[in-house]
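**Student:** fold the following.
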Amino acid sequence: MIEDRMGLKGRRIVVVGAGGGGIGTGIVRMLEEAGAEPIGIDVDPQQGFRVADAADEASVEAALADIDEVDGLVHVVGGLPTARWDRVVDGTTEGWNEVLTRNLITATVSMRVVARKLLAAGRPGSIVNIASIVGLESMPFGAPYAASKAAVISLTKTAAVELGPHGIRVNAVAVGTVRVLQNKTGAPALDTPETKAVLPLARRGTPEDVAGPVLFLLSDLAAFVTGSVLTADGGATARPGYMDMDNLPVFVPAGDLRTRLTGH
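**Tutor:** Model prediction:
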């Protein structure tokens, strides 16, 4: 049975950033479906998980103080607040510090706390960090976010080398654009014609689209995978930036060739 080969049944996986109905919540639900025991941590006490400030090591340690043995970690916390979107030349040190803390420091803290538990117990394990494709490329008007996610990817690779001899695997999932609940309506954000045109799969992702790759990396099916970055982006990074909405190079003029290839 594939479930047995995955080996997730009964494993205790810490999920930092488990609430809010987004990626973290989707991962928790899929872990439960796989028979694992997710240990959710969130900053919001109303989410029903253990409460901790993911940027505060003492806070995360306190949230897990009663747990001696874990089998893995998924770090989800991150994001770019609307107020921190800015041009590179207009950004502030305060803004950069806020975004770096939210994305990079929280990942570092979560990894330290969980890796120490694994090492102390002499247990193998799997750590998965949620990164972003902007950490592989760029994000105009979001430089601190792109830089922090690039740093998370580098952190992942470095930790994989250090922890590998102890049987601890460390990987990342670089996520593209994902539909999450709209704050006011509670409904999923809709795809627009623009997103459908530029994404090869013609839709934005869902939390479940991210949870699947995460479960693979946590499972024994990925027993020989560490230090890797798996993209879950609907093909966004495969699509050249010089393509127009017809998936033709922008320099292809209107005429017979364009009409033959597009049908219009």
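**Student:** phi and psi next, for L201.
**Tutor:** Per-residue torsions, L201: phi -80, psi 0 (degrees, to the nearest 10).
**Student:** check contacts around it.
**Tutor:** When contacts are counted by Cβ atoms under 8 Å, 6 or more residues apart in numbering, L201 touches G234, G235. No exception for glycine: its C-beta is placed from N, CA and C like everyone else's.
**Student:** confidence score at it?
**Tutor:** The model reports L201 with a pLDDT of 90.
**Student:** what's the answer for T195, then?
**Tutor:** For T195, the predicted pLDDT is 75.
**Student:** confirm it sits in a helix?
**Tutor:** Yes. With DSSP: H, G, I helix; E, B strand; the rest coil as the criterion, T195 is located in a helix.
**Student:** number of residues surrounding the closest residue to it other than its chain neighbours?
**Tutor:** Spatial nearest neighbour of T195, excluding adjacent residues (Cβ to Cβ, 6 or more residues apart in numbering): R204 at 5.7 Å. The tally of other residues near R204 (other Cβ atoms under 10 Å) stands at 22.
**Student:** now for R204: which residues touch it?
**Tutor:** G176, T177, V178, R179, A189, D191, T195, G234.
**Student:** any idea which of those residues is closest to V28?
**Tutor:** V178 (15.7 Å; Cβ to Cβ).
**Student:** please tell me I have it right and the closest one contacts E208.
**Tutor:** No. The criterion here is Cβ atoms under 8 Å, and V178 misses it with E208 at 9.9 Å.
**Student:** of the two, which one has the most company?
**Tutor:** Shown here are V178 and E208; by other Cβ under 10 Å, V178 has more neighbours (21 against 13).
**Student:** now for the more buried one: which residues touch it?
**Tutor:** G22, I23, R204, G205, T206, P207, D209, V210.
**Student:** quickly list what it is bridged to.
**Tutor:** G205 (DSSP bridges).
**Student:** and after the helix or strand of the chain with the lowest mean pLDDT, which helix or strand comes next?
**Tutor:** The helix or strand of the chain with the poorest confidence is helix 193-198; it has a mean of 76 (mean pLDDT, DSSP states H and E). Counting by DSSP states H and E, the next helix or strand C-terminal to helix 193-198 is helix 207-218.
**Student:** dump the helix ranked longest in the chain to CSV, keeping only the CA atoms.
**Tutor:** Using DSSP state H to define each element, the chain has its longest helix at helix 143-163. Extracted in CSV, the C-alpha atoms of helix 143-163 (Å, rounded to 0.1, in the frame of the first residue of the first chain):
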residue,chain,number,x,y,z
ALA,A,143,12.4,43.4,-2.8
PRO,A,144,12.5,42.5,0.9
TYR,A,145,10.1,39.6,0.4
ALA,A,146,12.1,38.3,-2.6
ALA,A,147,15.3,38.6,-0.6
SER,A,148,13.9,36.9,2.4
LYS,A,149,12.6,34.0,0.4
ALA,A,150,15.9,33.6,-1.4
ALA,A,151,17.5,33.5,2.0
VAL,A,152,15.1,30.8,3.2
ILE,A,153,16.2,28.7,0.2
SER,A,154,19.8,29.2,1.0
LEU,A,155,19.1,28.4,4.7
THR,A,156,17.3,25.2,3.6
LYS,A,157,20.3,24.0,1.6
THR,A,158,22.8,24.8,4.3
ALA,A,159,20.7,23.1,7.0
ALA,A,160,20.4,20.0,4.7
VAL,A,161,24.2,19.7,4.5
GLU,A,162,24.7,20.1,8.3
LEU,A,163,21.8,17.9,9.4
